[in-house]
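S.K.: Sharing a sequence plus its predicted fold:
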Amino acid sequence: MKKLSARRRHPLAALVVLLFALAVTGGLYAAFAPADKAQADDTAQSLAIKEGKKLFAVGCASCHGTGGQGSSDGPSLVGVGAAAVDFQVGTGRMPAQQPGAQVPRKRNIYTNAQIDQLAAYVASLGPGPAVPDKAQYSADGADIGKGGELFRTNCAQCHNFTGKGGALTNGKYAPTLEGVNPKHIYEAMETGPQNMPSFGDGTLSKQNKKDIVAYLGAVDSDKSASPGGMELGGLGPVTEGLFGYIFGLGACVAVAIWVAARTTKAKKS
Amino acid sequence: MSETEENLPSERETAHEGAVVKAENPFADPGLPPHEHRVQDTDERAAKRSERAVAFLFLVSMLATVAFIASYVAIPIDKIVYIFPLGHISALNFALGLTLGVALFCIGAGAVHWARTLMSDEEVADERHPIAAAPEVKAKVLADFADGARESQFGRRKLIRNTMFGALALVPLSGVVLLRDLGPLPEKKLRTTGWKKGIRLVNQSTNLPLRPEDIAVGSLTFAKPEGLEESDEEFNEKIAKDALMLVRIQPQNIKDKQELAWSHEGIVAYSKICTHVGCPISLYEQQTHHVLCPCHQSTFDLSDGGRVIFGPAGHALPQLHITVKDGFLEAASGFAEPVGPSFWERG
C-alpha cells in the first residue's frame, strides 16, 4: 500500500486511474445492463445489407443501376420492398436472362441466405412490403371457399379459374400458378411483378390473401382432386373441344371405316 | 381395228401413233365381282364361334349395366381415388363412366361383329324404274286441274279472289303482335346504371368503402356502388352494368385531358364491361395500362381515355367521374354514356 501511496503523484497516475475507472464502469455495465438485442440485430442487419450490396453489384446493377435507381434496361428498385426481391429472385425470374415481352420463371441460382441479403439491401433503399412470414400464407385459419370467390373476382380473369394461366397481349402471359410456393403467390399479390397489378393490403386484406393462397393450394396442387379426371391442362372448352374433335371423332371415323371394310374371306384373293 | 373404230378419237391420231390396239371399251361397266364366301359362310364351326362371340359381347354389356347400377348405389359421391393417367378422380364418376361405356360399347361391338361375320354380305344390284310419270298420266292431271280451276270460278269472280288474298295476308299479323309478350321493353335500362352523384365506391373484395390511399400505383381494384349487396335479388343484373375497375396511374402518364379531370390524383375508374359484346374485361397490364378483353381480344388503353387500340370493340371504355368526399371515393356523376355493348338506338 505504501508503494502505491508513494507513486500517487507520478505523472502517469491520473491516466492509470482513468483507465481503471473506465474498465470497471464498462465491465459493470456489461455485467449488469440488460443485453441489448436490437443492437446485435442492427449489426446483423447492416452486415446483411453490406453483403446484399455486394451481390447486387454483381447480379443486378447492370440493369437496375449501382444504387438500384434503375436505368433504361430496368426499373428503379427504390421502394419495391424485400417481398419483391424475394419473389423475383426466389422464382428465378431475376436476374433476367434476356430482355423480352416477359421474363419467365426459371431455376433459382441464389441460396436463401443470399436472397435474404439482397432483399435486405433493396429494402434499405426505400420502404416497401416485407417478406411475409409463414403464418401469413399458411392454410391454417384460411377460408378456402371465400378464397375461391376472391380468386374469381380478382385473379381469374388472367390466371384462369383454377390458376392455370392464360395469354395476354404481345407475347405477355399470366403464368400458371401450379407448383408455385405459397409465399411467392402471396408476394406477387403484394408487389405486382412485371405486368401484374398489385393487390395491396388496403384493397385486398391480409386475410383475403391468405384465403386466396389456401384456395390455390386446394385446387391447383398435384394432390388436388379433379372429379372428372383428364383435365387436359384445365384450360377450358378450347382444349377440350379440340381433343373431342380430333381424338373422339377421329376414333369414330376410324371405327366406321373398319366396320365398312371388306370382311375376311375364306379364300385369299 | 374396224370393230373398235368408234371408240378411238380420230384416225389421224392413230396414224401418227402407230398401231394402237384397243381390245374392248375401256369404260364398260365391269359389273359386280363374283361373290366370295367368308369363313363363317362355309364352316359351320366358325359360324358357331362368331355366334358365341356376339353373345359374349352382349352378356358383357348386361354385366356392365348391372355394375353401373351397383356402383351408383355403393360408391359415395365424394370418394376420390388415384387412377394412373387420369389423376385424382371421383370414384363414382369413374365407375359410372366406365360401366356405361362398356355396356354401350359391347352392344355396338356385338352388333358389328354379328353383321360382319354372320349376316349376309352378298352385294345385290336392284334395277330402279324411271321416276317420271307417263305422258298420258301427266296430261290427265293437268286437264283435271284446269277443270277444277274453271269450276271453282276462281279466275272469274275477282272479288272473292282479292278478299281471300287480303285475309291470308292479315292473319299472320296476330302472331307478330303476340311477340310483344316475350318480355318487358328495355326502356332506359340500357342507358342508365346504378352510379349517380354521391354514390360511394365499395371494394368488391372487402365490401368496405374505398379510400384513395388504399389504392396504390399499379394496383387493380374492383368496385361496386354502395348499397348494392350480393344478397340482393337483382345483384347479378345490376352488377352486369355497374361493375367498375379502379387503377392508379401516375398523373403525368395520363394522356387524355378529360380522363385526368375525371380522376382523383391518378385514380381512374372505368366500366368493367367490354363495349363489344359485354364480357367482363379486367386483364389489366399495369406497365402498359392496357386492358384486354378475353372474349375477342379488344384492347383498351386506360391511360388514354379507354381508347380502343386493338380488336372489334367500337367504343372507348366509359369512364366514371370520381371525386373524394369525407375521405372516401365517390361518383361525381353517373356514366356520361351507356356502358357495355352498342345497341340499335344508342346513336
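M.R.: Perfect, thanks for sending it. Numbers count the residues shown, from 1 in each chain, chains lettered A, B, ... in the order given.
S.K.: Assess the claim that residue A:78 and residue A:126 are in contact.
M.R.: Yes: with contact defined as C-beta atoms under 8 Å, residue A:78 counts as touching residue A:126 (4.2 Å). Quick note: C-beta positions are derived from backbone N, CA and C, even for glycine.
S.K.: ok, residue B:107 to residue B:67 distance?
M.R.: 15 Å (C-beta to C-beta, to the nearest Å).
S.K.: And for residue A:98?
M.R.: The separation that residue A:98 has from residue B:67, given C-beta to C-beta, amounts to 57 Å.
S.K.: So which of these two has more stuff around it?
M.R.: When residue A:98 and residue B:67 are compared for neighbours, residue B:67 comes out ahead with 18 against 6, by other C-beta atoms under 10 Å in any protein chain shown.
S.K.: Next, the contact list for the more buried one, please.
M.R.: B:95, B:99 (C-beta atoms under 8 Å, 6 or more residues apart in numbering or on different chains).
S.K.: ok so it is a helix residue?
M.R.: Yes: inclusion of residue B:67 in a helix is indicated when DSSP: H, G, I helix; E, B strand; the rest coil is applied.
S.K.: Quick check, pLDDT for it.
M.R.: pLDDT, residue B:67: 97.
S.K.: And for residue A:45?
M.R.: pLDDT for residue A:45: 79.
S.K.: How about residue B:21?
M.R.: The per-residue pLDDT reported for residue B:21 equals 60.
S.K.: what does the one 10 residues further on give?
M.R.: We note a pLDDT of 78 for residue B:31 in this prediction.
S.K.: Now do it against residue B:123, distance only.
M.R.: Applying C-beta to C-beta to residue B:31 and residue B:123 gives a distance of 11 Å.
S.K.: ok, now residue A:10?
M.R.: 137 Å.
S.K.: residue boundaries of the strands in chain B?
M.R.: With DSSP state E, the ranges of strands along chain B come out as B:80-83, B:87-90, B:201-203, B:220-225, B:244-248, B:267-271, B:283-285, B:290-292, B:299-301, B:307-310, B:319-320, B:322-325, B:328-331.
S.K.: May I see those strands organised as a markdown table, with mean neighbour count, distance to residue A:145 and mean pLDDT added?
M.R.: Shown next, in a markdown table, are those (neighbours: other C-beta atoms under 10 Å in any protein chain shown; distance: least, C-beta to C-beta, whole Å; pLDDT from 0 to 100):
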| stretch | mean neighbour count | distance to residue A:145 | mean pLDDT |
| --- | --- | --- | --- |
| strand B:80-83 | 14 | 18 | 88 |
| strand B:87-90 | 18 | 19 | 87 |
| strand B:201-203 | 23 | 19 | 93 |
| strand B:220-225 | 25 | 19 | 93 |
| strand B:244-248 | 25 | 24 | 93 |
| strand B:267-271 | 24 | 29 | 94 |
| strand B:283-285 | 23 | 25 | 92 |
| strand B:290-292 | 25 | 28 | 93 |
| strand B:299-301 | 22 | 33 | 94 |
| strand B:307-310 | 16 | 37 | 93 |
| strand B:319-320 | 24 | 31 | 94 |
| strand B:322-325 | 16 | 32 | 92 |
| strand B:328-331 | 21 | 29 | 93 |
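S.K.: okay if I get those as CSV plus distance to residue B:339?
M.R.: CSV is the format used below for those (distance: least, C-beta to C-beta, whole Å):
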stretch, distance to residue B:339
strand B:80-83, 43
strand B:87-90, 41
strand B:201-203, 15
strand B:220-225, 13
strand B:244-248, 10
strand B:267-271, 4
strand B:283-285, 17
strand B:290-292, 14
strand B:299-301, 13
strand B:307-310, 15
strand B:319-320, 9
strand B:322-325, 15
strand B:328-331, 13
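S.K.: Any chance of these in CSV with distance to chain A as columns?
M.R.: Converted to CSV, those look like this (distance: least, C-beta to the nearest C-beta, whole Å):
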stretch, distance to chain A
strand B:80-83, 4
strand B:87-90, 4
strand B:201-203, 6
strand B:220-225, 3
strand B:244-248, 7
strand B:267-271, 11
strand B:283-285, 4
strand B:290-292, 5
strand B:299-301, 6
strand B:307-310, 7
strand B:319-320, 17
strand B:322-325, 15
strand B:328-331, 11
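S.K.: between the ones you listed, which one is nearest to residue B:177?
M.R.: Ranking these by proximity to residue B:177 (C-beta to C-beta) places strand B:267-271 first, at 36.5 Å.
S.K.: Now do the closest one: which elements does it pack against?
M.R.: Judged by 3 or more C-beta pairs under 8 Å, 6 or more residues apart in numbering or on different chains; DSSP states H and E, strand B:267-271 is in contact with strand B:244-248, strand B:319-320, strand B:322-325, strand B:328-331.
S.K.: if we go to 6 Å?
M.R.: strand B:244-248 (3 or more C-beta pairs under 6 Å, 6 or more residues apart in numbering or on different chains; DSSP states H and E).
S.K.: relative to strand B:220-225, how tilted is the strand it packs on?
M.R.: Note on geometry: by axes from the mean of the first three to the mean of the last three C-alpha atoms, to 10 degrees, strand B:244-248 and strand B:220-225 are set 140 degrees apart in direction.
S.K.: Would you mind getting the angle between strand B:244-248 and strand B:267-271?
M.R.: Using the same axes, to 10 degrees: strand B:244-248 against strand B:267-271 is 150 degrees.
S.K.: rewinding a little: just want to know which of residue A:78 and residue A:126 has more residues nearby.
M.R.: Using other C-beta under 10 Å, the more surrounded residue of residue A:78 and residue A:126 is residue A:78, with 16 against 13.
S.K.: What spatial separation is found between that one and chain B?
M.R.: Distance, residue A:78 to chain B, using C-beta to the nearest C-beta, to the nearest Å: 13 Å.
S.K.: Likewise for residue A:198?
M.R.: Distance of residue A:198 to chain B, given as C-beta to the nearest C-beta: 5 Å.
S.K.: got it, and residue A:14?
M.R.: 61 Å.
S.K.: nearest to residue A:184, of the strands of chain B?
M.R.: The nearest among the strands of chain B, by C-beta to C-beta, is strand B:220-225 at 19.0 Å.
S.K.: neighbouring contacts of that closest one?
M.R.: Strand B:220-225 is contacted by residues A:197, A:203, B:194-195, B:199, B:201-202, B:204, B:215, B:242, B:244-247, B:284 when judged by C-beta atoms under 6 Å, 6 or more residues apart in numbering or on different chains.
S.K.: Equivalent analysis for stretch B:336-347, please.
M.R.: So stretch B:336-347 is contacted by B:190, B:191, B:193, B:241, B:271, B:273, B:277, B:278, B:314, B:318 (C-beta under 6 Å, 6+ apart).
S.K.: Between which two of these is the distance greatest?
M.R.: The largest separation in the contacts of stretch B:336-347, counting by C-beta to C-beta, is between B:193 and B:314 at 19.0 Å.
S.K.: And these two? Which one has more around it.
M.R.: residue B:193 (25 against 12).
S.K.: so what pLDDT did that one get?
M.R.: We have a pLDDT of 89 for residue B:193.
S.K.: Name the residues of the stretch 101-250 of chain B found near chain A, please.
M.R.: B:112, B:116, B:121, B:203-206, B:214, B:216, B:218-221 (C-beta under 6 Å from any C-beta of the partner chain).
S.K.: Restricted to helices, list these.
M.R.: Counted as lying in helices by DSSP state H, out of those, are B:112, B:116.
S.K.: would a markdown table of the residues of the stretch 101-250 of chain B next to chain A with distance to residue B:63 be doable?
M.R.: Output for these, formatted as a markdown table (distance: C-beta to C-beta, whole Å):
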| residue | distance to residue B:63 |
| --- | --- |
| B:112 | 19 |
| B:116 | 23 |
| B:121 | 30 |
| B:203 | 58 |
| B:204 | 54 |
| B:205 | 53 |
| B:206 | 57 |
| B:214 | 64 |
| B:216 | 64 |
| B:218 | 62 |
| B:219 | 60 |
| B:220 | 57 |
| B:221 | 59 |
